[in-house]
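>>> Here is a sequence with its predicted model. Questions after.
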Amino acid sequence: MQRTRKRRPRFRLKPENIIYEDQELIVVNKPAGLLAVPIPRSKVQNMRDLLNEYLLRRKQKAIIVHRIDRYTSGLMVFAKNQRVHAHLVRQFLAHTPHRIYLTMVRGVPEAEEGELRHYLRLTRHGFRQVVVEGEEQGGTLAITRYRLLARLKEVSLLEVQLVTGLKNQIRVQFWAAGHPILGDRHYDPAELREKAIDRQALHAFRLGFTHPGSGKYVAFQAPIPEDFRRLWKKYGGNLSELDALQKPR
């Protein structure tokens, strides 16, 4: 069951949403609540169209490379031409980009570091992933690694690395492991009771890949959003723990 969300104001692209830009690509910090890419036959705002409005005066366009969920915040990269797009897509298909998320989950995982492996199948009912036994049931292997950053009485702060990149992968795997993401009522209806955040507490924090032009590895980081910080504080977390994560590495 999905709770009806509050009506949100229209988004506009702000300078702080642009993390990096050159003649070949653009890296953005997508706000939670904004679609990453258009939905067919829908006029709902999305990051690609906002970028195209921004790039129009330079006769450039944003080309989709990958996606993150509407109510997940954080980093995305868009190509500006087909050559760069093809290069980046090959990297994402090969799972070579370094994709790090921050999340808060219920409870504390048994191991401070670990790897989640599930077979997931996308269903039309609710457009969600379900866990199945294997490929023979239509499943695709999903692999997610995590590291415990801090623990509180009720919740844990985790750093999560995508190895594969299926739809809703992090969300469904932690739910299946018994540690649902705070605010993720799509996979755990009990999260309807969480009033401190109006979305899943999931942030695409770091993104690294090989730049198609220079051939060098580049890495970017998105600031931790305010609703995530408020949620951590609500459960007794120290904001200095989040601030420390944002210091240059």
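That came through fine. Numbering: from 1, shown residues only.

>>> Give me the residues contacting the lowest-mean-pLDDT helix or strand in the chain.
Of all regular secondary-structure elements in the chain, judged by mean pLDDT, DSSP states H and E, the least confident is strand 128-132 with a mean of 84. By Cβ atoms under 8 Å, 6 or more residues apart in numbering, the residues outside strand 128-132 that reach it are 118-123, 138-139, 166-169, 172, 176, 186-187. No exception for glycine: its C-beta is placed from N, CA and C like everyone else's.

>>> Whichever of these end up buried, select them in PyMOL.
If you want just the buried ones from the contacts of strand 128-132 in PyMOL, going by 16 or more other Cβ atoms under 10 Å, the selection is:
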select buried, resi 118+119+120+139+166+168+169+172+176+186+187
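
>>> Let's see the pLDDT reported for the closest residue to Ala219 other than its chain neighbours.
By the measure of Cβ to Cβ, 6 or more residues apart in numbering, the closest residue to Ala219 outside its immediate chain neighbours is Gly208, 3.7 Å from it. Residue-level confidence at Gly208 comes out at 98, pLDDT.

>>> got a list of what Gly208 touches?
Counting by Cβ under 8 Å, 6+ apart, Gly208 makes contact with Pro97, His98, Tyr217, Val218, Ala219, Phe220.

>>> of the residues you listed, buried ones?
Using 16+ other Cβ under 10 Å as the burial test, the contacts of Gly208 include Pro97, Val218, Phe220 as buried.

>>> What lies in contact with stretch 34-49?
Stretch 34-49 has contacts (Cβ under 8 Å, 6+ apart) with 10-11, 28, 30, 50, 62, 64, 67-70, 76, 78.

>>> Using a markdown table, lay out these together with distance to Glu194 and pLDDT.
Conversion of the contacts of stretch 34-49 to a markdown table gives the following (distance: Cβ to Cβ, whole Å; pLDDT from 0 to 100):
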| residue | distance to Glu194 | pLDDT |
| --- | --- | --- |
| Arg10 | 26 | 86 |
| Phe11 | 23 | 90 |
| Val28 | 27 | 98 |
| Lys30 | 22 | 98 |
| Leu50 | 29 | 96 |
| Ala62 | 33 | 97 |
| Ile64 | 31 | 97 |
| Arg67 | 24 | 94 |
| Ile68 | 21 | 96 |
| Asp69 | 17 | 94 |
| Arg70 | 18 | 95 |
| Met76 | 25 | 98 |
| Phe78 | 32 | 98 |
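
>>> Out of these, which sit inside helices?
Secondary structure of the contacts of stretch 34-49 is defined by DSSP state H; positions in helices are Leu50.

>>> Who are the packing partners of whichever helix in the chain runs longest?
Ranked by residue count and defined by DSSP H, the top helix of the chain is helix 82-93. Here helix 82-93 touches strand 63-64, strand 73-79, strand 202-210, going by 3 or more Cβ pairs under 8 Å, 6 or more residues apart in numbering; DSSP states H and E.

>>> deepest of these, which one?
Taking mean count of other Cβ atoms under 10 Å as the contact definition, the stretch among the helices and strands packed on helix 82-93 with the greatest mean neighbour count is strand 73-79, which reaches a mean of 25.

>>> Appreciated, that's everything.
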